[in-house]
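Undergrad: just need the structure, nothing else, for what follows:
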Amino acid sequence: MARIPESELILNPDGSIYHLNLLPEMISDTIITVGDQDRVARVSRHFDSIEVQVAKREFVTHTGYYKGKRISVVSTGIGTDNIDIVLNELDALVNIDFVSREALEPEDRISLKIVRIGTSGALQESVPLGSHLATEYAVGLDTLMQFYPLMETGYETEIAVNLQLALGLGFLPYCVKGSDLLREQIAYDMIPGNTFTCPGFYAPQGRLLRLQPKIEAVIEKLSAFRFEDVRFTNFEMETAGIYSLGRLLGHEVLSLNAIVANRITHQFAQNADEVIDDLILKVLDRI
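TA: Numbers count the residues shown, from 1 in each chain. Coordinates of the predicted model:
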């Protein structure tokens, strides 16, 4: 394999990967990601022991043991631009030799199990506050996949094309399915859903403060969109990036959503922390 230059695979003076500040031995092959750096400790407080605690910028990592299982928890920050950093660097930690700067041969590569635990807003009145929702298909309304050779199924492409027409977008969204394996293992009693990943919190999610969103009635259009049997239940800001990079890099990925708002009924959960903590414990017990 070709040697990766120092300008492309950037290592810190101690040999750790540039942004995450981690060495390969510091992570498990089973990883929980959270957006909020403060949420890492809300997961790791349930560990029986913690062996790694590393923080740099918004990226915080704790690795430890829960009921005999070694698990890493990593904060990603918000948005698919951060997901681009986190997924690529997690993959580099297990699939690139930092000494030779060469990618491992295909037969030696490790497939990580990565589960996102995050908050989300519902796009359907039927999705109740306080519920846990597992994403099957995710559609990226950002442009991250304009820069990667993502291979979609014909069905995924049809969803993306029809959504582009429905919203009048000047670019083609991308659509990716998550891991059936992890969804069956972890989310068997959760609401099945499909998720829009938005490139912002305000206008991209139809919020009006002082700036008028360019796409009129975007909430209503996203809620009403259907393609065959697929309807979209919720939106957030990371899932499509995780699903697409997971597919490209060969990892099993799943996004689980704590529904803390309903944009159709204009409600926000008063017990949001409890909803998230319940989801954390479900994942820890099943992962």
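
Undergrad: please tell me how far stretch 249-263 is from the chain's geometric centre.
TA: On the basis of CA atoms, centre = their mean, to the nearest Å, stretch 249-263 sits 6 Å off its chain's mean C-alpha point.

Undergrad: can you list the buried residues in it?
TA: 249, 251-263 (16 or more other CB atoms under 10 Å). C-betas here are computed from N, CA, C, even on glycine.

Undergrad: again with stretch 77-94
TA: 77-80, 82-94.

Undergrad: among those, which ones are in helices?
TA: Of the buried residues of stretch 77-94, the ones assigned to helices by DSSP state H are 80, 82-94.

Undergrad: make CSV out of those residues and add distance to residue 200 and pLDDT.
TA: Listed next are those as CSV, based on distance: CB to CB, whole Å; pLDDT from 0 to 100:
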residue, distance to residue 200, pLDDT
80, 11, 98
82, 13, 98
83, 14, 98
84, 16, 98
85, 18, 98
86, 19, 98
87, 20, 98
88, 22, 98
89, 24, 98
90, 25, 98
91, 26, 98
92, 28, 98
93, 29, 98
94, 31, 98
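
Undergrad: related to what we said a few turns ago, quick one: which two of the buried residues of stretch 249-263 are the most distant?
TA: Farthest pair in the buried residues of stretch 249-263 (CB to CB) is 249 and 262. Separation: 33.8 Å.

Undergrad: the helices in the chain, which residues?
TA: Using DSSP H, helices in the chain cover 39-44, 80-95, 154-167, 180-186, 218-224, 239-249, 272-286.

Undergrad: counting contacts, what elements does the fourth one pack onto?
TA: Going back to what we said before, that points to helix 180-186. strand 113-122, strand 132-140, strand 252-262, helix 272-286 (3 or more CB pairs under 8 Å, 6 or more residues apart in numbering; DSSP states H and E).

Undergrad: and the ones you listed as TSV, adding distance to residue 183 and mean pLDDT?
TA: Shown next, in TSV, are the helices and strands packed on helix 180-186 (distance: least, CB to CB, whole Å; pLDDT from 0 to 100):
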stretch	distance to residue 183	mean pLDDT
strand 113-122	10	97
strand 132-140	5	98
strand 252-262	6	97
helix 272-286	11	96
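
Undergrad: in a markdown table: the ones you listed, plus distance to residue 243.
TA: Below are these laid out as a markdown table (distance: least, CB to CB, whole Å):
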| stretch | distance to residue 243 |
| --- | --- |
| strand 113-122 | 9 |
| strand 132-140 | 5 |
| strand 252-262 | 6 |
| helix 272-286 | 17 |
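
Undergrad: which residues does residue 55 bridge with?
TA: Per DSSP bridges, the residues bridged to residue 55 are residue 60.

Undergrad: gap between it and residue 192?
TA: Counting by CB to CB, to the nearest Å, the gap from residue 55 to residue 192 is 35 Å.

Undergrad: then residue 43?
TA: Counting by CB to CB - residue 43 and residue 192 are separated by 24 Å.

Undergrad: can you check residue 73 too?
TA: According to CB to CB, residue 73 and residue 192 sit 25 Å apart.

Undergrad: now do residue 4
TA: Residue 4 is 39 Å from residue 192, by CB to CB.

Undergrad: higher neighbour count, these two?
TA: Just comparing residue 4 and residue 192: by other CB atoms under 10 Å the higher neighbour count belongs to residue 4, 16 against 12.

Undergrad: which residues touch the nearest residue to that one once chain neighbours are set aside?
TA: Among residues not flanking residue 4 along the chain, residue 101 sits closest, at 4.6 Å (CB to CB, 6 or more residues apart in numbering). The neighbourhood of residue 101, defined by CB atoms under 8 Å, 6 or more residues apart in numbering, consists of 3-6, 9.

Undergrad: swap in 6 Å and give it another go.
TA: 3-4, 9 (CB atoms under 6 Å, 6 or more residues apart in numbering).

Undergrad: make a markdown table out of those residues and add distance to residue 223.
TA: A markdown table is the format used below for these (distance: CB to CB, whole Å):
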| residue | distance to residue 223 |
| --- | --- |
| 3 | 50 |
| 4 | 44 |
| 9 | 43 |
